[in-house]
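Novice: need the 3D shape of this:
(one chain, ligands or ions: 1)
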Amino acid sequence: MSHHTASQADLDVLALLTSDSASLGPLAPTPGNNVSASVPPPSGGRKKSLPRRDSPLDALLISAVLAGSGPVTRHHFGHGPARPGAYASCDESRPSSPSRQPLPSKVVMRSLQAPRSERLRLQQEEQERSAEKPGEPSTSPATATAIPIPTPTHARDSSAPLAKSPTGTLSLSFGSRPKRRMSIDPAPVSQVLQAASPVANYFQNTTYAQPTALFPTIPTSAKPQVRCMARTRIPTPHGELFLHLYHNNQDNKEHLAVVIDPVQLSPDAKKAAPRSRREIRSRTLDEKWREGETEMERVVRGAYVGRLVPGGENDQASRAPPDRGSIAEEGDLMSGMDDLDVGMDTDDILPLVRIHSECFTGETIGSMRCDCGEQLDEALRQIALAQPLPTHRSAADGFPTPASSRSPSPAAALGAIPHVPGRGVVIYMRQEGRGIGLLEKIRAYNLQDLGHDTVTANLMLGHGADERKYGVAAEILRDLGLAGDGPEKGIRLLTNNPEKVEGLAAEGVQVLERVGMTPRDWKCGDEGEGGDAEYEEWRTRRAGVGLIGAGAVRGPELDKYLRTKVERMGHMIDIPEAHRR
Ligand SMILES: Nc1nc2c(ncn2[C@@H]2O[C@H](COP(=O)(O)OP(=O)(O)OP(=O)(O)O)[C@@H](O)[C@H]2O)c(=O)[nH]1
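Specialist: Residues are numbered from 1 along each chain as shown. Presented below is the predicted three-dimensional model:
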């Protein structure tokens with residue numbers, strides 16, 4: 001049996017571990033300093049007390065040190081076995097931090113793409129396949145492979161069932177990775193929409209350019225054709241309007257028509273309007289799209305009559321409008337208000353039309369390089385304004401005076417000129433930068449910053465001063481019954497641009513009157529109509545604001561929209577008491 005001789009330090013530690021003394025003074029040596037010597041017995045009868053943790057030497061701490069935990073301190077006790085430099089990485093100021101791994105001398109990049117030869121082979125196969133199916137829209141192999149567009153799983157497989165939650169709502173997930181789940185009403189909306197959109201069949205004799213094809217080959221020589229894909233009611237500061245979205249066979253853009261026609265929405269407006277007034281409706285939207293189409297399909301695309309009532313049966317909505325063709329049928333479009341004694345027995349005003357070209361800078365970010373935002377706002381305002389029934393129309397700008405305007409109306413003859421609800425349309429053409437596109441317009445602005453004017457800048461970039469065409473706009477007007485070649489006589493055109501008048505006339509639209517647009521700032525100037533309260537109001541607005549109506553957006557529909565965001569999408573905003581249900 002080996003015999004170990006304990007040092008004084010060992011004895012001190014032993015005494016520490018077994019002592020119940022609060023203060024640790026030097027221990028009395030035992031005779032012979034022998035480890036087998038009995039440890040001093042606890043002082044009999046004294047109450048045991050734990051050593052103070054703030055004493056100069058802590059028994060627990062020292063025992064831990066001796067147990068091999070290395071550099072353990074009070075604050076790091078229990079962090080596991082200490083490794084050299086375990087905390088060094090916490091100190092970024094230490095360049096010699098041992099945890100820092102030296103960078104590999106050469107960074108190796110690995111491509112996740114297939115080898116080029118493989119990709120070329122796939123492209124070749126793809127081309128051969130599309131050549132075999134001539135009916136399908138062609139996509140450039142370069143674009144098809146270079147810009148992969150992820151497709152939602154439910155779009156790839158429309159029959160894929162939607163996951164149903166225990167609460168009965170449905171959730172859509174995109175891709176294989178489960179993302180944030182959003183619930184929708186448990187109606188087969190995707191099926192309805194799919195059934196309602198067999199877009200490839202719309203344009204006979206031409207290859208229809210699918211909006212999803214990035215750079216399609218478009219037969220621009222074909223006669224322009226349009227189809228209204230959907231329509232919906234939008235409340236705005238200028239009243240409620242109907243937004244129509246159009247597809248066409250000329251370009252890859254979705255052009256819009258903003259229809260202001262209060263008689264479609266309110267019996268009062270209908271009563272105030274002349275009896276001869278026709279609703280402004282899209283023929284291609286209203287016509288039957290396929291055998292056996294359902295009422296729900298028509299409602300979803302907006303081919304209903306009247307006004308949808310949330311949560312309720314709508315008598316008017318369920319009645320599909322008949323095809324256009326005869327005036328008698330046309331009258332049926334108003335049949336939702338048949339029982340009203342409606343309309344004055346007089347001629348109507350001509351619809352006011354603006355052909356407006358897209359301007360992201362002016363309309364969306366309030367650019368003060370142009371007045372496009374203001375013009376859009378002003379156009380909607382003027383169209384929605386109640387109009388005095390015409391007593392006469394001047395032949396301004398050399399346009400013929402319409403027969404209906406030459407003789408005073410009966411009411412005007414009696415001295416009282418009644419006002420009728422305004423009506424008309426803004427055709428919103430996606431012809432940014434007068435047709436050169438936003439990229440080129442941005443470049444043109446830089447040239448303008450060098451001192452060139454807007455026309456020269458266009459020319460310097462190799463464009464025309466104005467590259468817009470009016471064939472599609474004319475077809476949209478025709479579809480809405482406003483080209484003047486049907487029961488409607490023609491339009492008043494809101495523009496200062498003679499090319500627009502000529503462009504539309506060349507497409508067969510009857511422009512019976514031009515209505516000028518004066519920039520508000522010019523009207524508000526010292527020499528302008530300063531006394532006019534309307535212009536005074538605009539003058540006090542902050543310059544450059546391009547928002548329609550240029551004021552606070554409010555109303556019950558906005559409240560509902562915001563509440564839904566909070567209640568169903570988790571938006572972090574408190575609903576004020578007054579705006580709760
Ligand atoms: N290339 C170019 N386009 C611009 C510039 N400023 C505005 N635009 C574009 O011009 C178009 C505005 O046209 P419209 O609103 O139809 O008006 P207009 O042709 O001037 O004629 P009006 O009917 O009298 O207003 C929009 O597409 C704008 O994006 C510019 O400096 N350069």
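Novice: Arg307 against Thr232, yeah?
Specialist: No - judged on C-beta atoms under 8 Å, Arg307 makes no contact with Thr232 at a distance of 11.3 Å. The way it works is simple: take the backbone N, C-alpha and C, and place the C-beta from them, glycine included.
Novice: so for the strand or helix carrying Arg354, what gets flagged as buried?
Specialist: Arg354 belongs to strand 352-357 when elements are defined using DSSP states H and E. Residues 352-357 are the ones in strand 352-357 that count as buried (16 or more other C-beta atoms under 10 Å).
Novice: which elements pack onto the top helix by length along the chain?
Specialist: Looking across the chain with DSSP state H, the single longest helix is helix 116-132. Judged by 3 or more C-beta pairs under 8 Å, 6 or more residues apart in numbering; DSSP states H and E, the packing partners of helix 116-132 are helix 141-146.
Novice: next to the ligand in this structure, residues from the stretch 301-450 of the chain, please.
Specialist: Counting by C-beta under 6 Å from any ligand atom, the stretch 301-450 of the chain comes close to the ligand at 356-359, 370, 372, 375, 431-434, 436, 441, 444.
Novice: and the contacts of the helix or strand encompassing Gly503?
Specialist: Assessed by DSSP H and E, Gly503 sits inside helix 498-506. For helix 498-506, contacts defined as C-beta atoms under 8 Å, 6 or more residues apart in numbering pick out 355, 397, 466, 468-470, 473-474, 477, 493, 495, 511, 514.
Novice: now that helix against strand 352-357, angle please.
Specialist: 110 degrees (axes from the mean of the first three to the mean of the last three C-alpha atoms, to 10 degrees).
Novice: kindly export the next helix or strand after helix 498-506 (C-alpha atoms) in CSV.
Specialist: Counting by DSSP H and E, the next helix or strand C-terminal to helix 498-506 is strand 511-515. The C-alpha coordinates for strand 511-515 follow below in CSV (Å, rounded to 0.1, in the frame of the first residue of the first chain):
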residue,chain,number,x,y,z
VAL,A,511,-64.6,62.9,-81.8
LEU,A,512,-67.3,65.5,-81.8
GLU,A,513,-65.7,68.0,-79.4
ARG,A,514,-62.3,68.6,-77.9
VAL,A,515,-62.2,69.8,-74.2
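Novice: and strand 511-515, what does it pack against?
Specialist: Packing partners of strand 511-515 (3+ C-beta pairs under 8 Å, 6+ apart): strand 491-494, helix 498-506.
Novice: between strand 511-515 and the last one, find me the angle.
Specialist: Using the same axes, to 10 degrees, one finds that helix 498-506 and strand 511-515 are set 160 degrees apart in direction.
Novice: any buried residues in helix 498-506, and which?
Specialist: So helix 498-506, judged by 16+ other C-beta under 10 Å, has buried residues 500-501, 503-504.
Novice: can you check stretch 450-460 too?
Specialist: Using 16+ other C-beta under 10 Å as the burial criterion, the residues of stretch 450-460 that qualify are 454, 457-458.
Novice: and Leu122, how many neighbours does it have?
Specialist: Leu122 sits with 13 neighbouring residues when counted by other C-beta atoms under 10 Å.
Novice: against Val455, how distant is it?
Specialist: According to C-beta to C-beta, to the nearest Å, Leu122 and Val455 sit 47 Å apart.
Novice: what of Arg119?
Specialist: Per C-beta to C-beta, Arg119 is found 45 Å from Val455.
Novice: and if you look at Pro235?
Specialist: Separation of Pro235 from Val455 (C-beta to C-beta): 39 Å.
Novice: helices of the stretch 451-581 of the chain, start to end?
Specialist: With DSSP state H, counting those that start in this stretch as the criterion, the stretch 451-581 of the chain has helices at 454-460, 471-479, 498-506, 520-524, 533-540, 556-569.
Novice: now for these, which one comes closest to the ligand?
Specialist: helix 454-460 (3.8 Å; C-beta to the nearest ligand atom).
Novice: need the helices for the stretch 201-350 of the chain, in chain order.
Specialist: Going by DSSP H, counting those that start in this stretch, the stretch 201-350 of the chain shows helices at 267-272, 283-286, 295-301, 327-332.
Novice: could those helices go into CSV alongside mean neighbour count and mean pLDDT?
Specialist: Output for the helices of the stretch 201-350 of the chain, formatted as CSV (neighbours: other C-beta atoms under 10 Å; pLDDT from 0 to 100):
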stretch, mean neighbour count, mean pLDDT
helix 267-272, 17, 80
helix 283-286, 20, 96
helix 295-301, 18, 94
helix 327-332, 13, 30
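Novice: this protein - how does it break down into domains?
Specialist: Split into domains by automatic domain parsing, the chain comes to 1-83, 189-431+468-517, 551-581.
Novice: where are the low-confidence patches of the stretch 351-500 of the chain?
Specialist: 390-416 (pLDDT under 70).
Novice: hmm, 50 instead?
Specialist: Counting by pLDDT under 50, the stretch 351-500 of the chain shows low-confidence ranges at 392-412.
Novice: wait, doesn't Ala257 sit right on Tyr246?
Specialist: Yes - contact criterion C-beta under 8 Å: Ala257 and Tyr246 qualify, at 6.6 Å.
Novice: where does pLDDT dip in the stretch 1-150 of the chain?
Specialist: 1-3, 21-49, 51-55, 61, 64-65, 68-105, 107-108, 135-150.
Novice: the same query, at a cut-off of 70, please.
Specialist: For the stretch 1-150 of the chain, the stretches with pLDDT under 70 are 1-6, 13-114, 132-150.
Novice: and Asp371, how far from Ala303?
Specialist: As judged by C-beta to C-beta, Asp371 and Ala303 stand 36 Å apart.
Novice: ok, the two, which is more surrounded?
Specialist: Per other C-beta under 10 Å, whichever of Asp371 and Ala303 has more neighbours is Ala303, with 25 against 20.
Novice: roughly how far does Met229 sit from the ligand?
Specialist: To the ligand, Met229 is 23 Å away according to C-beta to the nearest ligand atom, to the nearest Å.
Novice: list the contacts of Met517.
Specialist: 375, 378-379, 494-496.
Novice: now do 6 Å
Specialist: Shown in contact with Met517 (C-beta atoms under 6 Å, 6 or more residues apart in numbering): Asn496.
Novice: near the ligand, which residues of the chain?
Specialist: Going by C-beta under 6 Å from any ligand atom, the residues of the chain near the ligand are 356-359, 370, 372, 375, 431-434, 436, 441, 444, 454, 458, 495-497, 500, 517.
Novice: okay, now Asp559: neighbour count?
Specialist: Counted with other C-beta under 10 Å, residues neighbouring Asp559 total 16.
Novice: what does Pro487 give?
Specialist: Residues near Pro487, counting by other C-beta under 10 Å: 12.
Novice: now the nearest residue to Gln510 once chain neighbours are set aside: how far from Glu513?
Specialist: Closest residue to Gln510 apart from its sequence neighbours, by C-beta to C-beta, 6 or more residues apart in numbering: Gly484 at 2.6 Å. According to C-beta to C-beta, Gly484 and Glu513 sit 12 Å apart.
Novice: please apply the same query to Glu374.
Specialist: Separation of Glu374 from Glu513 (C-beta to C-beta): 22 Å.
Novice: the more surrounded of these two?
Specialist: A count of neighbours by other C-beta under 10 Å puts Glu374 above the other of Glu374 and Glu513, at 25 against 22.
Novice: what does the nearest residue to Pro351 once chain neighbours are set aside show for phi and psi?
Specialist: Sequence neighbours aside, Gly424 is the residue nearest to Pro351 in space, at 4.4 Å (criterion: C-beta to C-beta, 6+ apart). Taking degrees, to the nearest 10, you get phi 160, psi -160 for the backbone angles of Gly424.
Novice: what about Gly424, how many residues close to it?
Specialist: 27.
Novice: can you check Pro235 too?
Specialist: For Pro235, using other C-beta under 10 Å, the count is 13.
Novice: nearest residue to it in space, please, no chain neighbours.
Specialist: Glu557 (5.6 Å).
Novice: likewise for Leu438?
Specialist: With C-beta to C-beta, 6+ apart, the residue lying closest to Leu438 is Glu432, at 4.8 Å.
Novice: alright, calling it a day.
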